[in-house]
Structure formats: structure tokens, C-alpha cells
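In: sequence and predicted structure, then a few things I'm wondering about:
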Amino acid sequence: MKKFLALSAALLLSVTLVGCSEEAPVEVSQPIEESVASLEGRYVGYSWNGEANGTSLEDTNQYIETILELDQDGIIQDAKLSFFVQRDGYWTMRQSGNAYVDVDFSVDPTPAEGGADYVAGNSMFTVHTADMMAFYAFAVDNSGDTAVVMVDPITRYQFEMKIPQDFDFDTPVGEMTIGSGLTVPTVRTSGNRAAEWDELADNNIFNVSGWSHVVNDVGVLADIDESSTVQVFLEALGVEFDGGQPQSRAVEYGYFGKGGWEGNHNAIAQSLIGQNATEMTSLVDWSNERYAANINEQNQFGLDTESGATRTVQDSINTISGATVRITREATSYQRALVNAGILSEEDVIIGRF
């Protein structure tokens, strides 16, 4: 009995000491940390003309390439958008900014037949370029006559002005209307839009529509409006005056507003830097019912809707990246870069209107 009591006491003391010891091994369930794969890397995505109709990337004649540089957490460190087009069997970048321009002062510009049966008018300008968005050019001949062309972003026609040497350059630009004959829509540069010039007779390059603010919101014409004089307008484009008269100048060209395709795609790229790509999964908020209603079962946007039904998405200078382009095709290319990064799957990609 004494041995039993002694053994019991020894066991009790042992349990007590083990239970109170700070170094006693206690099994505690520890959470297992899951390793998170780094997203750091360079990822490329594409969208292309004709995809919605079954054309492959290899067979297209136009495509947009988006390149994203991500850090390990998916923060966009750098971005680049490039628009490639095929011309005469050769690939070139639409935003290259290169152009060949010539002016024939012997031509008096005449308006195009802008209705359903389009017929080009007479133009003073011969222009070869892959980028007609926001394009302008001018020249002053030895007699002091001035020729100007601007591609109107709304109608997409070349608006031409042939201004004689004895013109009153203090005239407000607002008086250079289509109806006055001082601004002449000569050639359609893209699309198939019908334009009725009688309906735009009282309009000029700055007020063709409510969207015309893209002409002078930023860029070379940022300080110019309808109240500006023709001299001030021409000087903003690059014409030099001496004693109130334009000075002889060989043809020069440039891009107003955002700066053509290069300016627009640079604006999109700059807006992406610093964004979290795991959160910003598109350039367009597709949860917006106005947009979502125009996505079909094949994840194609705008294919089954009437023309103009997707215009709200194109109001991108105010809402998306500060650009003035049809943003859904850029959004497709962006999403494909995220597929390459493993952030999205191909089933998540919305095929935009090209």
C-alpha cells in the first residue's frame, strides 16, 4: 500500500511538473501558409479585325497588341498599346505618325456627295498615311494663299480651307462654316457614314456635334475656339504671320487633340500604370447594364445591335482612359494580356467591336 501511494504521488508530481513547465511540448494546430505565385513578368495580348466573324489572328489585316509589365503583386509597371495595319501587303503601325502630304493650289476644293451614294469632292491635298485620326496639314504658297486640311473626328471627312492672301484674318473662326463655303468637306477618310451638308451648313470644325470638344480640349488647338480669329487659329497650327500676312511655308502636318492614334494609345497606357491588374480586369466596366445588354452568348459586344447602340462606350475621353478611340477593341487586347498572366481565362474575354 505504501508502495502504491508512493507511486501515485510520484505520478501526480510528474503530471504537475509537465503541465506547469514552460518548455513542455504542446501540440497546437498551426495554419498552413499557401504560397502565392508571383505575377511578375511581361504579358502580351491581342485583338484583331474580323475575329467576331471567324477570322484568325494570322489572317487578319489589322490587330492591336497590348504589352503589360507586372510586378509580383500584379501592379502594372509599364504598358504599351500598338495598332498594326496591313498596307499593300506590308505591316505598319497605325500610330507611326509618318505621312506623305502634297498640296495643289490650283485646285478649288468642292464638297463630297455625303449622302448614301458617296462621291468624293475635289481636294487640294494628296495624303498617304496610316493615321488620319486628328490629322491636319497646311501650306502657304509664294503669293500668300493658305491651304488647310483637318480631319473632322465626327464625320471623318477632310475639312479643307483655301484662304486667299487678301482675306480678313481677323474673321472669327466660327464664321468659317460649311455653308459659307470657307470650310469644305472634300474626302471621307474612313467609315461609311453618310453626312448631309445642308444639315451642317451653320457648323464649323469646332461644333459639328457635342463631341467636337475633342478638337480643342487638349493639344495644339487647346486655346482656340469659335471666337478666335482665323489668324490666331492658323498660328496655332504653325502658320507664321508678318504684318498680318501669312508667310510662305512648305507643307507641314501634325495631329490635333490627343494626337492621333499615338496620343490616344499613349493616354490609355499611362492610365494603366499603377493599377492593380487583378482588380482592373478590363478597360470597360461590363457590369454597366447599357454595355452588358449588348454582349451576346459568344461574349461578343455590339455584334447583334443596331449601329450607334454602342456609342456610350466610345465616350471614352470623359470616362475611359482619356482616349477618343472605340475602346472595346483595346479592352479585348488588354484582357488577353491578363489571360497570358493567368489572371483571367479566355472565357472571361469580351470580344469588342473592331
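Out: Here it is on my side, so go on.

In: show me where the stretch 1-150 of the chain has its strands.
Out: Using DSSP state E, counting those that start in this stretch, the strands of the stretch 1-150 of the chain run over 41-48, 62-70, 76-87, 90-93, 99-103, 125-129, 135-140, 146-151.

In: shaky segments in this protein?
Out: Within the chain, the segments meeting pLDDT under 70 span 1-36, 114-115, 303-326.

In: break it down into its domains, please.
Out: Here the domain parsing of the chain from automatic domain parsing is 41-75+274-348, 99-255.

In: right, and the ones you listed - which one's nearest residue 268?
Out: With Cβ to Cβ, the closest approach to residue 268 among the domains of the chain belongs to domain 41-75+274-348: 4.2 Å. Yep, even glycine has a C-beta here, placed from its N, CA and C like the rest.

In: can you give the distance from that closest one to the centre of its chain?
Out: Relative to its parent chain, domain 41-75+274-348 has a centroid offset of 12 Å by Cα atoms, centre = their mean, to the nearest Å.

In: and that domain, end to end?
Out: 21 Å (Cα to Cα, to the nearest Å).

In: just checking, residue 273 touches residue 71?
Out: No. Taking Cβ atoms under 8 Å as the definition, residue 273 is not a contact partner of residue 71, at 11.4 Å.

In: how about the helices in the chain?
Out: Taking DSSP state H as the criterion, the chain carries its helices at 2-20, 230-237, 260-272, 289-292, 316-319, 327-341.

In: is residue 65 bridged to anything, and to what?
Out: Beta-bridge pairing for residue 65 (DSSP bridges): residue 46, residue 82.

In: can you lay out the domains of the chain as a markdown table showing mean neighbour count and distance to residue 87?
Out: Compiled in a markdown table, the domains of the chain are given as follows (neighbours: other Cβ atoms under 10 Å; distance: least, Cβ to Cβ, whole Å):
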| stretch | mean neighbour count | distance to residue 87 |
| --- | --- | --- |
| domain 41-75+274-348 | 17 | 9 |
| domain 99-255 | 17 | 6 |
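
In: quick check: which of these is nearest to residue 267?
Out: That would be domain 41-75+274-348 among those, by Cβ to Cβ, at 4.5 Å.

In: could you measure from the nearest residue to residue 47 once chain neighbours are set aside over to residue 154?
Out: Nearest non-adjacent residue to residue 47, counting by Cβ to Cβ, 6 or more residues apart in numbering: residue 332, 3.6 Å away. Look at residue 332 and residue 154: by Cβ to Cβ, to the nearest Å, they are 25 Å apart.

In: how about residue 328?
Out: Distance of residue 328 to residue 154, given as Cβ to Cβ: 19 Å.

In: which ones are touching the closest residue to residue 233 other than its chain neighbours?
Out: Spatial nearest neighbour of residue 233, chain neighbours left out: residue 173 (4.8 Å); criterion: Cβ to Cβ, 6+ apart. For residue 173, the contact set (Cβ atoms under 8 Å, 6 or more residues apart in numbering) comprises 204, 205, 206, 224, 225, 226, 227, 228, 229, 230, 233.
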